[in-house]
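[1] Build me a model from this:
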Amino acid sequence: MSLAALVVLSSGFIGSPSVETAFAEDSGASLRRIVATYRVDVGGFNLGDFRLTTVLRRSDYEMQGEGQLSMMGGLLYAWHGTTASKGKVTDAGPEPATYALNYNGSDESQRLRVIFDNGGVTHVSVAPVSEPRPHVVPVTKEQLAGVLDPVTAIFLFARSDNPNGDLKVCDHTVPVFDGEQRYDLVLKPKRTVKLQKDASTGYSGFAAVCRVSFKPISGYQRDDPDIRTMSQSNDIEVWLISLPGTGMYVPYRITLPTSSGNASATSSSFKIQTGAMRASLDAPH
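    The predicted model follows:
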């Protein structure tokens, strides 16, 4: 968690059909394509942007994105990542089928794959295989039932037909497994904020601000300082805004503490395409 919790939103699934190809195959009204771009800042410094594309086709969803972050032109820090998730949206909520995260950083790289079936995790692959870490809380099979991957948890869990900052979307506990760690995100209502449209956001409307508690369950080192900071913090927030015509609430802004200072991911644009019609996201005034 920490910076990875923000940049995990940006990425793609190697070997799967591309989002662009999938969209071209179906131009019916049941298809929606949503493109969200976010600016990432840590400790007052802008590190870069990432873009996530979501395709909703009837009950199926597919998400892909890519992000590139750097500091001092990559001299101090450089990170490039792709991530993706696909599955179905049911009356009971989203059910992921696959999740992937690939990244290359200044001092490490990883390729992660998670496969889900019947609401639980059935397979995890990680390359390169990391050395065993001391004092890690073991992940049990029972803890992997009914979990969501991070991308699905952040973008497809919150739903409401009320577009005006419905705080009911902030009253949930979201079970997450990111391929290594199992944790709960406990959302509680905090406040409603009126956002004014400007050149930097391209959005006007209401945001439901949720206080988020990070509850580690397993897969983490007991003495990890980032885990301790996250689990003890009262300053983690997610601002959720309604996507017109979808019943979905998605993040407008995410803030959380890290060892390098406060981190945030803030939307710079949303675009929605339904069939052959494309529109920017502008909520009613």
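[2] need the helices for the stretch 51-200 of the chain, in chain order.
    Assigned by DSSP state H, counting those that start in this stretch, the stretch 51-200 of the chain shows helices spanning 150-155.
[3] where in it is pLDDT low?
    71-77, 106, 197-200 (pLDDT under 70).
[4] Arg222: how many residues sit nearby?
    11 (other CB atoms under 10 Å). Where C-beta positions appear, they are placed from N, C-alpha and C, glycine not excepted.
[5] What is the neighbour count of the residue nearest to it when sequence neighbours are not counted?
    Of all residues not flanking Arg222 in the chain, His135 sits nearest, at 4.7 Å (CB to CB, 6 or more residues apart in numbering). Residues near His135, counting by other CB under 10 Å, number 9.
[6] so Leu187 makes contact with Lys215?
    No - contact criterion CB atoms under 8 Å: Leu187 and Lys215 do not qualify, at 11.4 Å.
[7] out of these two, which sits in the more crowded spot?
    Leu187 (24 against 15).
[8] and the residue lying closest to that one once chain neighbours are set aside, what does it touch?
    Counting by CB to CB, 6+ apart, Cys210 is the residue found nearest to Leu187 once chain neighbours are left out, at 4.4 Å. Listed by CB atoms under 8 Å, 6 or more residues apart in numbering, the contact set of Cys210 reads Val169, Cys170, Leu187, Lys188, Pro189, Lys190, Glu237, Val238, Trp239, Leu240.
[9] hey, what's the last one bridged with?
    Pointing back at Leu240 there. Counting by DSSP bridges, Leu240 is bridged to Ala208, Pro251.
[10] didn't it look like it was pressed against His172?
    No - with contact taken as CB under 8 Å, Leu240 and His172 are classed as non-touching, separated by 10.8 Å.
[11] What's the local residue count around Pro244?
    Pro244, neighbours per other CB under 10 Å, totals 16.
[12] residues of the longest helix anywhere in the chain that come out buried?
    What stands out as the longest helix in the chain, according to DSSP state H, is helix 225-232. For helix 225-232, the neighbour count (16 or more other CB atoms under 10 Å) marks Asp226, Ile227, Thr229, Met230, Ser231 as buried.
[13] For the second one, which non-adjacent residue is closest in space?
    This points to Ile227. Using CB to CB, 6+ apart, the closest residue to Ile227 is Tyr220 (5.0 Å).
[14] The protein: strands as residue ranges?
    31-42, 45-57, 60-71, 77-90, 93-105, 109-117, 120-127, 172-177, 182-195, 205-218, 237-243, 248-258, 261-274, 277-280 (DSSP state E).
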